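Q: From the sequence below, what's the structure:
(2 chains)
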Amino acid sequence: MKRMDYTFRILTGALAALLVIGPFLPQWMLFQVTVSFGKGLVVLGLLLLLRTGLVSFGQGLYYCLGAYTAGSLGLSLGLTDAVLSLLCGAAVAGFIAFILGFLLANYRGIFFAMLSLAFSMILYGLLVKTAFLGSTDGFNVGVPTLFGFMFSGRWVRYAVYALACLTVFLAALIMNRYLKTSLGRLSPAIKDNEIRVEYMGASVRRAIHIKYVIAAILAGAGGALTAITIGHIDPEMAYWTTSGEFVFITILGGTGNVLAPFLGSLIFESIRSFAYEYSPNTWQMVLGAALLLVIIFLPAGLWSVFQARQRRV
Amino acid sequence: MSDLLTVLVDGILYSSWLFIIAVGLTLIYGVMKILNMAHGSLYALGAYAAASLAGYWLNHGYAPLGSYGMLALAAVIVGLVMGPLIERGLLRFMYGKDEILLLIVTFALFLILEDVIKLIWGVDPFFISEPYGLLGSLDFAGLSYPAYNLIMIGVSLASGIGLLWILQYTRQGKLLLAVIHDREVSLAMGINVNRFYLITFTAGAMLAAIGGAFTAPTVSVVPGMGVEVIVLAFAVVVIGGLGSLQGAALGALIVGLVRSTAVHYLPEIELFSIYLVMALVLLLKPQGLYSAMEARKI
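A: Numbers count the residues shown, from 1 in each chain, chains lettered A, B, ... in the order given. Below you'll find the model as predicted:
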């Protein structure tokens, strides 16, 4: 009970702080934080899967689906409402995951990773050949509105930023609660030994299926958020390197706490922008080296640094 | 009829290329249980080294036929340098860890190597097409194919049959089979497992580089050329059943034929037909077509 309060307190404090300082931050920083939070949502879903012992190398599938759903709403129906985009992106991703989940729930380990990768590459192949969605170039997403309001100038960015903060707050809060329910607590048990879980009377397949759908819903919302923030989408979002990036951030942040994905994502985006700024030809190398260092020296991710301190106090 | 033959020939040519890039991956997975994401980078390294070496050779006016030797030499050098460097410098600290973690370690390696290539060779494309046209072309079923394709088929057959022969008929190969079968018992019987891991990874890296080196004359050597190869090789070995040589051959054949059929009859689905087949095969045979039974742990 105590630990939940701790996470809850941090979340509420962070939300309040982010909303208050938002208007004073430069535009590029608002953009950076919003994009990081979009990716953080995807990573939050991967955290759930990783706790269950599963790594999806195809989460780009749902990220891209969410983004294209949000984009298509504006393209075909002229709907640019940010909240609606988010909800639709999440719903479409969740629906596809529900169907694919029947298949994927049978797989573990490397096969789960590879099959999810294959599915995301199928979407990539489809999008590249779909002319009315812009093929490899993708298309632009209109300026978002919020419940019918049009924002002017610099406030557009703040509105999306605030929406991102609120979404992250809710997602993290719900995930934190979920991890403490009996279904949520099955995750580490499945990771340790799923046959014992079956003997206890729980259905491993069903549990994995549900977790897979939850992860996809988060990824879809993250994709939609990214689409309305960046204003442009392309099939690259479903390419396997995008999915690899998400796995990267999951490992970087660690799976110790629902806040870790967002911390990891903020740090990842910062490393990337700075590395890209100062040495455009070696930024991948910097990222790769950072990943290796984390794996070797902080196997539980960056979050373990905070955890160790907390325990000592 | 001749249409069908064209599809078949194209498919087989593509299959032989796929097999060259997949065989090293499956070897490393079979022995070390590492699904090496850096495989594509080693492939690209091989291509770059080949372009440089063969380019040097031709620019200095040596016998043009020797450029084939240069391609092979480049691959051997890349394998001998990168294999031990990666295995001794990084992977040996990771043995015994989860397969998935090893996958992520090699992903980090992939990111690093991609930029190493850019640092060494820059971002401009390299062309080394002389060896491709050197042998002229062959007429077959009314179409003309560059004779270079025969070299690709030859390399592919040689690497597959050679590996199979080593595994089944040499003492070292049989020891390696023991290591694959049970690492701990092999250790207890006095087999130097670490040495086998080093040799295996070096051989796997070299095979990746051979793939790149012999592909170099047929394409433009550009940054990022390994990225696509990784997923293709994955698809091949996953269809065949991870870690099985026969499986990789069968996987390459299936993927090659499917792709050439798609290219000829349904070009829209060319890109993802391969992954569709992979998904279908995994649905029917979850462990791939050739797979060993695995004991459930309780």
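Q: I figured B:L53 hits B:A72, correct?
A: No - using CB atoms under 8 Å, B:L53 makes no contact with B:A72, being 9.7 Å away. C-beta coordinates here come from the backbone N, C-alpha and C atoms, glycine included.
Q: Name the residue in those two with the higher neighbour count.
A: Using other CB atoms under 10 Å in any protein chain shown, the more surrounded residue of B:L53 and B:A72 is B:L53, with 22 against 16.
Q: Which parts of the stretch 101-250 of chain B are strands?
A: Under the criterion DSSP state E, counting those that start in this stretch, the stretch 101-250 of chain B contains strands at B:137-140, B:143-146.
Q: export those to JSON lines and tack on mean pLDDT?
A: Compiled in JSON lines, those are given as follows (pLDDT from 0 to 100):
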{"stretch": "strand B:137-140", "mean pLDDT": "75"}
{"stretch": "strand B:143-146", "mean pLDDT": "78"}
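Q: and chain A, which of those is closest to it?
A: Closest to chain A of the strands of the stretch 101-250 of chain B, according to CB to the nearest CB: strand B:143-146, at 26.3 Å.
Q: Show me how far the closest one is from its chain's centre.
A: 25 Å (CA atoms, centre = their mean, to the nearest Å).
Q: For A:F102, see how far away the closest residue to chain A within the stretch 51-200 of chain B is.
A: As assessed by CB to the nearest CB, chain A sits closest to B:L111 within the stretch 51-200 of chain B, at 3.2 Å. Computed with CB to CB, to the nearest Å, the distance linking B:L111 and A:F102 is 34 Å.
Q: Tell me which stretches of chain A form strands.
A: Ranges of strands in chain A, per DSSP state E, are A:139-140, A:232-233.
Q: check contacts around A:V33.
A: By CB atoms under 8 Å, 6 or more residues apart in numbering or on different chains, the contact set of A:V33 is A:18, A:25, A:161, A:164, A:266.
Q: Among the residues you listed, name the ones in helices.
A: A:18, A:161, A:164, A:266 (DSSP state H).
Q: picking that back up, which one's more surrounded, B:L111 and A:F102?
A: The neighbour comparison of B:L111 against A:F102 (other CB under 10 Å) goes to B:L111, with 27 against 11.
Q: ok, that one touching A:L292?
A: No - the pair formed by B:L111 and A:L292 falls short of the contact definition of CB under 8 Å, at 9.3 Å.
Q: what's around A:F149, how many residues?
A: When counting by other CB under 10 Å, one arrives at 11 neighbours for A:F149.
Q: I meant B:A44, not that one.
A: Close neighbours of B:A44, defined as other CB under 10 Å, add up to 30.
Q: Is whichever strand or helix holds it positioned near chain A?
A: Secondary structure assigned from DSSP states H and E places B:A44 in helix B:39-59. No - against chain A, helix B:39-59 shows no contacts by CB under 8 Å from any CB of the partner chain, the least distance being 10.3 Å.
Q: Please determine how far A:S72 is located from B:M206.
A: From A:S72 across to B:M206, the span is 47 Å (CB to CB).
Q: Which among the strands of the stretch 101-250 of chain B is found nearest to A:G184?
A: The closest of the strands of the stretch 101-250 of chain B to A:G184 is strand B:143-146. By CB to CB, the value is 58.9 Å.
Q: Tell me which residues of the closest one come out buried.
A: For strand B:143-146, the neighbour count (16 or more other CB atoms under 10 Å in any protein chain shown) marks B:P146 as buried.
Q: Paired strands for it, with orientation please.
A: According to DSSP bridges, strand B:143-146 forms sheet pairs with strand B:137-140 (antiparallel).
Q: Just give me how far the strand it pairs with sits from the chain centre.
A: Centroid displacement of strand B:137-140 relative to its chain, using CA atoms, centre = their mean, is 27 Å.
Q: got a list of contacts for it?
A: If you take CB under 8 Å, 6+ apart as the criterion, strand B:137-140 is touched by B:9, B:144-147, B:150.
Q: and residue 58, what is it in contact with?
A: You didn't say which chain, so I picked chain A. Listed by CB under 8 Å, 6+ apart, the contact set of A:G58 reads A:113, A:115-121, A:240, A:243.
Q: wrong one, I was asking about chain B
A: The contact partners of B:L58, by CB under 8 Å, 6+ apart, come to B:64, B:67, B:128, B:130.
Q: same thing with A:S116?
A: When contacts are counted by CB under 8 Å, 6+ apart, A:S116 is found next to A:56-59, A:61, A:104, A:243.
Q: again, only this time at 10 Å
A: By CB atoms under 10 Å, 6 or more residues apart in numbering or on different chains, the residues touching A:S116 are A:49, A:54-62, A:100, A:104, A:107, A:212, A:240, A:243, B:279.
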